[in-house]
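Asker: quick one: sequence plus predicted model below, questions after.
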Amino acid sequence: RIATKFLTKDVAGEQDGKYGAPSGTLVEGIQGINYNTFYINGRAPPYSTPKPVRFIVVEQDPALRNVHLANLTWDLCHDYPNWAGPIKVPSVCQMAHKLAELGGGMPDCGRSINAKKLKNTVHFL
């Protein structure tokens, strides 16, 4: 688990650290010299301190060399179908989790899912 939290500073009329960092806060370059690491606050709950998600780039595909991965990640947090706001993790990770949950809950562990029929659709999740 990640216990890292980012708090605000210099908010007019408020004590420093009273509020969590706002949604969309990107923090880069504070951890790891071996890998590119960054944190994103996906959402900002009104009555608690948000927990940022840590992303570690282990290997970057050469086709994505000119893409800023933190921006792509933030965009994918807004790309979850049938959901109004951002989610905490990128949509592809959330959909993979939902599919694993769906398959794992079946008596045959998802072996009966017709993958060809569901190809190129995400709305069954």
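Answerer: Right, received. Where do you want to start? Values in this document were obtained by computation on a predicted structure and should not be read as measured data.

Asker: how about low-confidence regions in this protein?
Answerer: 1-2, 10-18, 32, 122-125 (pLDDT under 70).

Asker: and with 80 instead?
Answerer: 1-4, 6-24, 29, 31-35, 42-50, 59-60, 81-86, 109-110, 113-115, 117-125 (pLDDT under 80).

Asker: what's near enough to touch the residue nearest the centre of the chain?
Answerer: Against the mean C-alpha coordinate of the chain, by Cα atoms, centre = their mean, the closest residue is Val89 at 1.8 Å. By Cβ atoms under 8 Å, 6 or more residues apart in numbering, the contact list for Val89 reads 42, 53, 77. C-beta here means a position set from N, CA and C on the backbone, and glycine is covered the same way.

Asker: what about the second one, neighbour count?
Answerer: If you count neighbours by other Cβ atoms under 10 Å, Val53 ends up with 18.

Asker: which ones are touching it?
Answerer: Val53 touches 2, 39-40, 42, 88-89, counting by Cβ under 8 Å, 6+ apart.

Asker: of those, which is the most crowded?
Answerer: Most surrounded of the contacts of Val53: other Cβ under 10 Å gives Ile40, at 23 neighbours.

Asker: bridging residues for that one?
Answerer: On the basis of DSSP bridges, Ile40 is bridged to Leu26, Val53.

Asker: quick check: it vs Pro86, distance?
Answerer: 9 Å (Cβ to Cβ, to the nearest Å).

Asker: repeat for Thr8
Answerer: Counting by Cβ to Cβ - Thr8 and Pro86 are separated by 19 Å.

Asker: tell me the SS of the residue nearest to Thr37 when sequence neighbours are not counted?
Answerer: Computed as Cβ to Cβ, 6 or more residues apart in numbering, the closest residue to Thr37 that is not its neighbour in sequence is Gln31, at 4.7 Å. The assignment at Gln31 comes out as coil when based on DSSP: H, G, I helix; E, B strand; the rest coil.

Asker: around Gln31, how many other residues sit close by?
Answerer: By other Cβ under 10 Å, 15 other residues sit near Gln31.

Asker: try Pro46
Answerer: When neighbours are counted by other Cβ under 10 Å, Pro46 registers 6.

Asker: right, I'll call it a day here.
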